[in-house]
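Asker: Build me a model:
(one chain, ligands or ions: 1)
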Amino acid sequence: MPHTLSGKQGLEFLGEMSLFVKASFTILVAFIISKALKYRRNLQTVSYLPGLRPAFFPMTIPGLVIPTTWWNPGIMFTWAWRFHLYKWFGSETISLVPFLSGPVALYTSNLDVARQVAGGSVTTNFVKPEQFSRSLLFFGMNLVAADGETWRTHRRLMAPSFNNDLYDLVWTETLKTYHEMIRSDGWDKESIIDQPVVQKITFKLALLIIGKCGFGFPFDWATPPISEDGSMSMQEALRIISDTNTYALFLPKWTHDLPFKKLKDMRTAHAQFRNFMHAQIATKKDRIHLQSAGTMDDSADSDFFTTLVRANEGQGSKLKLSDDELIGNVFIMLFAGHETTAHTLAVALGYLAIYEEVQEEIYEQIVSVCGTENDPELSHYPKLDKVLAAFYEASRLFPSGFIMIREAHRDTTLQLPNPVGQEGHTTIPIPKGTQVIVDMIGVQYNPRYYEKPEEYRPSRWYGVGNESETFTAFSIGPRACLGRKFATTEAVCYLAMLLRDYTVRPILRPGESKEQWKERVLDAKVVMTLGVQDVPLRFTRRT
Ligand code: HEM
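Answerer: Residues are numbered from 1 along each chain as shown. Next up is the predicted model:
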């Protein structure tokens, strides 16, 4: 017999239902009120500075998976809105206050503000927040992620290795590697070489140069570094680590073991890379022990890998590194030392391919400085300022270190310079825990500093010295990039050889114009650093 509700039961049921609806409604109202109160508090925190009011903070899972829209800017908004963002709000420093979830932050495209937060002086009120440095800490504490006394120790240990002997070696090895590439990839047998993804060669080059010069690895173009079991090249492992770093950063740790292909690749790459580093460290330790015993000459071992391993062994320095710090620094130097340079070289070649007149101007300088027969020498470097400018300008438009995240570790203030044309500044309070993000894309597309910032114009850097702080893509102040001269030495040498021997042109799709190619190809993609889409190029040997 079908079960039916009596009148009394029906009333009770409706009563319970309405109780449930009432309870849900009350919870919803309480939730909305608490969010609204929190939102108001957050607006106070940023002194009601104009800015974005999205649902989520950009560096959260929704920020990563949902494309850039007005209600969810996502991780790419500083790139997607690079021409308008700060104009919209009439300020070079804006706030970002999510109304659903995530911390508040200030984003700045102003260099004076960047100096106040990212300069990294001893008395700084701002530190690198650990939750965002996590992607750099997979393998252990290191120079890039560290702060305070730990940072000072790591920097003091590493900085002396970045000297003229190193740059001499970088130059020599880049020349050698260029010739190896020409021979082993068969470029010497063809007059036209198509590279559908130029990053394949720029990444290989940059990894080999950091490996040879910074670590003394015995690899070359034909036999690049591979994992201990031979199953994965280290270039591939580092690419996967970089591509999947957002999973590692934002997904809870337990999810990393789930049986999805991306996660499996991530685990394999991490394991292979870790084994590779352990094997290299073991080999280096053996050498150091033999050298200490006087049975091996140590004059050739001046690379920073030796410095790190010695510090781990408690030799040669008062500064001791733990095992985790050793492996953390090995990873960071291999990583920072190649991905940044490789992306920027790909971008520079992409722009030079479409701006033929700029390419010709640079070619003429190369030939006038080095001739067409002999390889350039390191002493030519200062005279190849147009080559350096081509690289600098690529790095301005695609700054591989695209955001520098800092957090106030005590209550402090910031001086925000008034808009262009108005003297003075406005001081705003910054409560402890507030994030201040230096938007390097914003800085480098800021019309206050660059005329027609959207244009690729290497000439703006002609004559600008290698150390000049007017060039900001390597950051500023005591925490500026330690590898700047390393990167520019490698880039100038490689570009000088390549552009002297070959013309570079874009590989266009049928019916595609150069302008359309530029729109399609010279577009950013975020991995661990800011990269560029696959750049397809044609190299034609100059006769
Ligand atoms: C185009 C190439 C490069 C660019 C645009 C670049 C950019 C940067 C930026 C913006 C920072 C500051 C990051 C922050 O404070 O959050 C930085 C730091 C650093 N870079 Fe580079 N970099 C490049 C190449 C290199 C190379 C080749 C190496 C090593 C050989 C290197 C090693 C480092 C290190 C160790 C730091 C940390 C310095 C410190 O905190 O004391 N970089 N780089």
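Asker: mind checking which helix or strand the residue of the stretch 301-450 of the chain found nearest the ligand is in?
Answerer: Sorted by distance to the ligand under C-beta to the nearest ligand atom, the residues of the stretch 301-450 of the chain start with residue 401, at 2.8 Å. Bear in mind the C-beta positions are built from the backbone N, C-alpha and C, glycine included. Assignment of secondary structure by DSSP states H and E places residue 401 within no helix or strand.
Asker: Quickly note the distance from it to residue 187.
Answerer: Residue 401 sits 32 Å away from residue 187, going by C-beta to C-beta, to the nearest Å.
Asker: Let me know how buried the residue of the stretch 301-450 of the chain closest to the ligand is, in neighbour terms.
Answerer: 17 (other C-beta atoms under 10 Å).
Asker: do residue 490 as well
Answerer: Neighbour tally, residue 490, other C-beta under 10 Å: 28.
Asker: go on, residue 23?
Answerer: Counted with other C-beta under 10 Å, residues neighbouring residue 23 total 10.
Asker: now residue 26
Answerer: The tally of other residues near residue 26 (other C-beta under 10 Å) stands at 10.
Asker: Using the three-state scheme, assign it.
Answerer: Of the three states, residue 26 takes helix according to DSSP: H, G, I helix; E, B strand; the rest coil.
Asker: Alongside the ligand, which residues does the stretch 1-150 of the chain contribute?
Answerer: Those residues of the stretch 1-150 of the chain that sit near the ligand, judged by C-beta under 6 Å from any ligand atom, are 118, 143-144.
Asker: tell me which residues of stretch 27-42 are tucked away?
Answerer: Neighbour-count burial for stretch 27-42 flags 39, 42 (criterion: 16 or more other C-beta atoms under 10 Å).
Asker: would residue 416 count as being in a strand?
Answerer: Yes. Under three-state DSSP, residue 416 falls within a strand.
Asker: Tell me who's in contact with it.
Answerer: 91-93, 110, 113, 425-428 (C-beta atoms under 8 Å, 6 or more residues apart in numbering).
Asker: now do residue 394
Answerer: The neighbours of residue 394, taking C-beta under 8 Å, 6+ apart as the test, are 344-345, 347-348, 350-351, 456.
Asker: Closest one of the residues you listed to residue 280?
Answerer: Within these, proximity to residue 280 (C-beta to C-beta) peaks at residue 345, which comes in at 24.9 Å.
Asker: shouldn't that closest one be in contact with residue 493?
Answerer: No. Using C-beta atoms under 8 Å, residue 345 is not in contact with residue 493; the gap is 11.2 Å.
Asker: And the pLDDT for the residue nearest to residue 329 when sequence neighbours are not counted?
Answerer: With sequence-adjacent residues excluded and distances taken as C-beta to C-beta, 6 or more residues apart in numbering, residue 329 is closest to residue 142, at 4.6 Å. Residue 142 is assigned 91 on the pLDDT scale.
Asker: And for residue 142, the neighbour number?
Answerer: Residue 142 has 28 neighbouring residues, counting by other C-beta under 10 Å.
Asker: Tell me how far it lies from residue 269.
Answerer: 18 Å.
Asker: wait, doesn't residue 415 sit right on residue 425?
Answerer: Yes. Contact criterion C-beta under 8 Å: residue 415 and residue 425 qualify, at 4.4 Å.
Asker: what's the overlap in contacts for the two?
Answerer: Listed contacts common to residue 415 and residue 425 are residue 112; contacts here mean C-beta under 8 Å, 6+ apart.
Asker: which parts of stretch 250-266 are buried?
Answerer: Buried residues in stretch 250-266, counted by 16+ other C-beta under 10 Å: 250, 256, 263, 265-266.
Asker: Next: stretch 94-101.
Answerer: The neighbour-count check on stretch 94-101 (16+ other C-beta under 10 Å) flags 94-99 as buried.
Asker: which regions of this protein sit below the pLDDT cut-off?
Answerer: In the predicted model of the chain, residues 1-5, 121-122, 297-300, 316-317 satisfy pLDDT under 70.
Asker: Find the closest residue to the ligand in it.
Answerer: Proximity to the ligand, evaluated over the chain using C-beta to the nearest ligand atom, is greatest for residue 483 at 2.0 Å.
Asker: Count residues in the vicinity of the closest residue to that residue other than its chain neighbours, would you?
Answerer: The shortest distance from residue 483 to any non-neighbouring residue, by C-beta to C-beta, 6+ apart, is to residue 337 (5.7 Å). A count of nearby residues for residue 337, using other C-beta under 10 Å, gives 24.
Asker: I'd say residue 337 and residue 210 touch.
Answerer: Yes. Proximity of residue 337 to residue 210 meets the contact threshold set by C-beta under 8 Å, at 3.6 Å.
Asker: can you list residues touching both of those two?
Answerer: Residues within reach of residue 337 and of residue 210 at once, by C-beta under 8 Å, 6+ apart, are residue 486.
Asker: In terms of secondary structure, what does the helix or strand containing residue 311 contact?
Answerer: In this assignment (DSSP H and E), residue 311 forms part of helix 304-313. Applying 3 or more C-beta pairs under 8 Å, 6 or more residues apart in numbering; DSSP states H and E, one finds that helix 304-313 contacts helix 148-158, helix 261-292, helix 323-336.
Asker: let's see 10 Å
Answerer: In terms of contacts (3 or more C-beta pairs under 10 Å, 6 or more residues apart in numbering; DSSP states H and E), helix 304-313 is packed against helix 148-158, helix 215, helix 261-292, helix 323-336.
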